[in-house]
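>>> Sharing a model that was predicted from the sequence below.
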Protein chains: 2
Amino acid sequence: MKETADSEETHGRRGTRMADIAAMAGVSSMTVSRVLRDRSCVMPATLSRIEAAIDATGYVPNRVAGSLASRRTDIVGLIVPSLRNSLFAETIKGVSDILGPMHPLMIADSGYSLKGEEIAIRAFLGQRVCGIILHNTKHSPRGRAMLLEAGIPCIETGNLAQQPIDMAVGFSNRDAASAMTMYLLGRGYRHIGFVCLPTKDNDRAAERKAGYLNALSHASLLADPRIVIESPPGLKSGGQALSYLVEVVPEIDAVFFSGDVLATGALLEANRRGWIVPDRIAIAGSDDSELQESVSPPLTTLRFPRYEIGRRAADMLLNRLSGRSSGRAIVDLGFEIIRRASA
Amino acid sequence: MKETADSEETHGRRGTRMADIAAMAGVSSMTVSRVLRDRSCVMPATLSRIEAAIDATGYVPNRVAGSLASRRTDIVGLIVPSLRNSLFAETIKGVSDILGPMHPLMIADSGYSLKGEEIAIRAFLGQRVCGIILHNTKHSPRGRAMLLEAGIPCIETGNLAQQPIDMAVGFSNRDAASAMTMYLLGRGYRHIGFVCLPTKDNDRAAERKAGYLNALSHASLLADPRIVIESPPGLKSGGQALSYLVEVVPEIDAVFFSGDVLATGALLEANRRGWIVPDRIAIAGSDDSELQESVSPPLTTLRFPRYEIGRRAADMLLNRLSGRSSGRAIVDLGFEIIRRASA
DNA sequence: CCTGCTGACGTTAGCGCGAACGTATGCTGG
DNA sequence: CCAGCATACGTTCGCGCTAACGTCAGCAGG
């Protein structure tokens, strides 16, 4: 004869349920449910019996069942172009810090592709997330439609959306790039090169290029297309871009690197060549980091409040969920030009 | 008289359910369910009717309900000490790349604290994740007990656990630090300083310090406690550590920086002081990055396969879930010493 | 003494799916 | 001609919780 079929040791693996706790405490499961969500609405004596039972069993409420019954989850979905990029890590950290353990965070990586974003959106909607934070302003039509249809709060961060799906928080890449270009013009540079990341599916890079061109035309200068280039991300890539630019247009006197660590790479390349920055050539970067401050000479860069953007995005989401706010909102957190020795 | 109570436009917000699709396609909801999980087990004609209905409505299956019914989710939980640190970002990316959209990834930040990790574990178990990946080998007793009790696959990554809860994949920080110290000894350095991150609640840093001390004693050398220090992370902090060490023990001829960007900060500081590296002092780092390769002189560092660790961890998790593997496993992915000019 | 109210708790009825099992139909072979 | 089996699909039930409502005791005030 075999073992008892339903012994604790074998099939007992099903785990403690709320009804078990209720039975142990001599109450109905509804009372346990209430304790779990708001301990103040049961009598102290009852409460302590229930808590004793929970402690004794190590009961962990099943949020899946709870979510189905209440028709909502506390899960927030976040989609970033890349999980590798430390820029996005700042925003992720800001989101995570505000959400806390009460709102689990689901993160997906779109791989810088619209299709990837759409797949992630669908997956998140399947999980019935209570809100979505995106780090891209450009979306596939289908992705946009799904978000609209879902009727959940949606926050687009980073580059400020002109036609947000719902809410947006960030800064204007165009304005920032324009401001930096004007700064360089104000310092007397006249042959200013521009390097950004590939603009395909990357509205941020495209906006920065537009800002640069905009500033030049405001100053009644013609952009020289030979020194407006796109480059893959990375330190080496920045160095290569600098090499390319000075070869094509030797009279170039400044370069604005708009993206990742390109400027740092360029500076290291200039140092390697023994050029004095900014005398031979001025270098301006973006996305200030401790690194850019520590190189020699320290880099003049744009600084964006990425961590704060994450916090605000999460904050706006929670406010909407708790009904403390409603309706569309666009929050511009601006940018700073950090003036240092390199330009 | 008010509007019809249940019109599509007002209360119709409840969303499409599987039964709706089934009705549209003239089948039972079970058939729809089957299509969603394995399209090959229904007839082509039926399948196309169902898919047409899904397309027409934009139906997104409710995974919350599905998970409750099947008593399992596809969600993987990942806990990292910090979301800000690009080191962990590599591993996160590896995990995410393997999991793909079929296995949503929930990420929590323990804030380098055991208590924070425990809270995250509890939250994940509440969501009934199908597996957990941890980036820490040290856990609170309660956290450890919950993981054991939960009976789900658990993978500890990073520093190789000696007593893993379940499975582990990573490398030995101790061996790596020991190897680097021996390398420096082999190059003739005799007054080797050591800087690591604070060892409290950070088994990785503690292991590295142990490896360093181990190598010295193997070489029958006594460690000088004045030049074995802990330092907060960051570029500046690395520079400060270097300044401190040379002041305390001027005859110091090499420093092994075990953590984050400390070594780079030290190198930049040395450059600022006009010291020739490695002639005045040799500098070795850890956690190789493009940055460490690009500074001048390029840094000798330890390299850890962080991305690969993420991939393997996710891979082991999925294998376990699909039943293709079982039982404990410890995978050592090793490390490399990258020899460059700085030491 | 009855009404009305508040507080503390119980009861009922699902939430939207999927596991397990049931059924109808066609097809094969002896 | 029917057992035997596979294929394609339907039915039933319940996963573990919560919203909504019900109940009952206690108490104040007229």
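Okay, I see it. Numbering: from 1, shown residues only, chains lettered A, B, ... in the order given.

>>> Please make it C-alpha for all contacts and neighbour counts, starting now.
Noted.

>>> SS state for the closest residue to DNA strand D within the stretch 151-300 of chain A?
For the stretch 151-300 of chain A, the residue closest to DNA strand D is residue A:152, as judged by C-alpha to the nearest atom of the strand, at 17.2 Å. Recorded secondary structure, residue A:152: coil (DSSP: H, G, I helix; E, B strand; the rest coil).

>>> just checking, it touches residue A:130?
Yes. Contact status for residue A:152 versus residue A:130: in contact at 6.3 Å, counting by C-alpha atoms under 8 Å.

>>> Any figure for the gap between the spatially most central residue of chain A and residue A:34?
Against the mean C-alpha coordinate of chain A, by C-alpha atoms, centre = their mean, the closest residue is residue A:91 at 4.2 Å. Going from residue A:91 to residue A:34 by C-alpha to C-alpha, to the nearest Å gives 35 Å.

>>> swap in residue A:78?
30 Å.

>>> Those two: which has the busier surroundings?
A direct count of neighbours by other C-alpha atoms under 10 Å in any protein chain shown for residue A:78 and residue A:34 places residue A:78 higher, at 27 against 14.

>>> give the contact list for the more buried one.
With contact taken as C-alpha atoms under 8 Å, 6 or more residues apart in numbering or on different chains, residue A:78 is in contact with A:105-108, A:132-135.

>>> how close does it sit to DNA strand C?
23 Å (C-alpha to the nearest atom of the strand, to the nearest Å).

>>> same thing with residue A:222?
The spacing between residue A:222 and DNA strand C, counted by C-alpha to the nearest atom of the strand, is 57 Å.

>>> So which residues of the stretch 1-150 of chain A form helices?
Using DSSP state H, counting those that start in this stretch, the helices found in the stretch 1-150 of chain A span residues A:18-25, A:29-37, A:44-57, A:63-70, A:86-99, A:114-126, A:141-150.

>>> what angle separates the third one from helix A:29-37?
Orientation check (axes from the mean of the first three to the mean of the last three C-alpha atoms, to 10 degrees): helix A:44-57 against helix A:29-37 gives 80 degrees.

>>> and helix A:44-57, which residues are buried?
Neighbour counts over helix A:44-57 (16 or more other C-alpha atoms under 10 Å in any protein chain shown) mark A:46-47, A:49-51, A:53-54 as buried.

>>> what's the burial count for residue A:137?
Count around residue A:137 with other C-alpha under 10 Å applied: 21.

>>> do residue A:37 as well
As a burial measure, residue A:37 scores 9 neighbours (other C-alpha under 10 Å).

>>> before we move on, what about residue A:43?
Residues near residue A:43, counting by other C-alpha under 10 Å: 10.

>>> Where does chain A get nearest to chain B, residue-wise?
residue A:106 (4.3 Å; C-alpha to the nearest C-alpha).

>>> Surely that residue and residue A:77 touch.
Yes. Counting by C-alpha under 8 Å, residue A:106 touches residue A:77, with 4.7 Å between them.

>>> Show me which of those two is the more surrounded one.
Between residue A:106 and residue A:77, counting by other C-alpha under 10 Å, residue A:77 is the more crowded of the two (28 against 23).

>>> Please tell me I have it right and that one contacts residue A:129.
Yes. Look at residue A:77 against residue A:129 with C-alpha under 8 Å: they come within range, at 6.1 Å.

>>> that older thread, might you report the residue contacts of the residue of the stretch 151-300 of chain A closest to DNA strand D?
Applying C-alpha under 8 Å, 6+ apart, we find residue A:152 in contact with A:130-132.

>>> mind checking pLDDT for it?
pLDDT recorded at residue A:152 is 96.

>>> what secondary structure does residue A:233 sit in?
Of the three states, residue A:233 takes coil under three-state DSSP.

>>> By proximity to DNA strand D, which residue of the stretch 201-343 of chain A wins?
residue A:322 (13.1 Å).

>>> ok, that residue - how many residues close by?
10.

>>> Quick check, the residue in the stretch 151-300 of chain A closest to DNA strand C?
Using C-alpha to the nearest atom of the strand, residue A:151 is the residue of the stretch 151-300 of chain A that sits closest to DNA strand C, at 14.3 Å.

>>> how deep is that residue tucked in, by neighbour count?
Number of residues near residue A:151 (other C-alpha under 10 Å) recorded here: 12.

>>> Equivalent analysis for residue A:279, please.
11.

>>> Any idea what residue A:109 is bridged to?
residue A:80 (DSSP bridges).

>>> just checking, next helix/strand downstream of the host helix or strand of residue A:168?
For residue A:168, the element it lies in under DSSP states H and E is strand A:167-171. Heading C-terminal from strand A:167-171, the first helix or strand you meet, by DSSP H and E, is helix A:173-186.

>>> okay, that following helix in CSV with CA atoms only?
In CSV, the C-alpha atoms belonging to helix A:173-186 read as follows (Å, rounded to 0.1, in the frame of the first residue of the first chain):
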residue,chain,number,x,y,z
ASN,A,173,16.7,67.3,-26.3
ARG,A,174,16.2,69.9,-29.0
ASP,A,175,16.3,72.8,-26.7
ALA,A,176,19.3,71.4,-24.8
ALA,A,177,21.3,70.8,-28.0
SER,A,178,20.4,74.2,-29.3
ALA,A,179,21.5,75.8,-26.0
MET,A,180,24.8,74.0,-26.1
THR,A,181,25.4,75.0,-29.7
MET,A,182,24.7,78.6,-28.8
TYR,A,183,27.0,78.4,-25.9
LEU,A,184,29.8,77.3,-28.2
LEU,A,185,28.9,80.0,-30.7
GLY,A,186,29.1,82.5,-27.8
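
>>> Figure out how far that helix is from the centre of its chain.
How far helix A:173-186 lies from its chain's middle: 24 Å, per C-alpha atoms, centre = their mean, to the nearest Å.

>>> repeat for stretch A:120-132
16 Å.

>>> now do stretch A:259-274
On C-alpha atoms, centre = their mean, the centre of stretch A:259-274 falls 26 Å from that of its chain.

>>> List the residues that contact the nearest residue to residue A:198 once chain neighbours are set aside.
Among residues not flanking residue A:198 along the chain, residue A:230 sits closest, at 5.3 Å (C-alpha to C-alpha, 6 or more residues apart in numbering or on different chains). Shown in contact with residue A:230 (C-alpha under 8 Å, 6+ apart): A:195-199.

>>> Any quick ChimeraX command for the buried ones out of these?
Entered in ChimeraX, the line below selects the buried ones among the contacts of residue A:230, by 16+ other C-alpha under 10 Å:
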select /A:195,196,197,198
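
>>> returning to that earlier point: distance to residue B:306 added to the helices of the stretch 1-150 of chain A, as JSON lines?
Listed next are the helices of the stretch 1-150 of chain A as JSON lines, based on distance: least, C-alpha to C-alpha, whole Å:
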{"stretch": "helix A:18-25", "distance to residue B:306": "41"}
{"stretch": "helix A:29-37", "distance to residue B:306": "39"}
{"stretch": "helix A:44-57", "distance to residue B:306": "38"}
{"stretch": "helix A:63-70", "distance to residue B:306": "32"}
{"stretch": "helix A:86-99", "distance to residue B:306": "15"}
{"stretch": "helix A:114-126", "distance to residue B:306": "24"}
{"stretch": "helix A:141-150", "distance to residue B:306": "32"}
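
>>> Nothing else from me, thank you.
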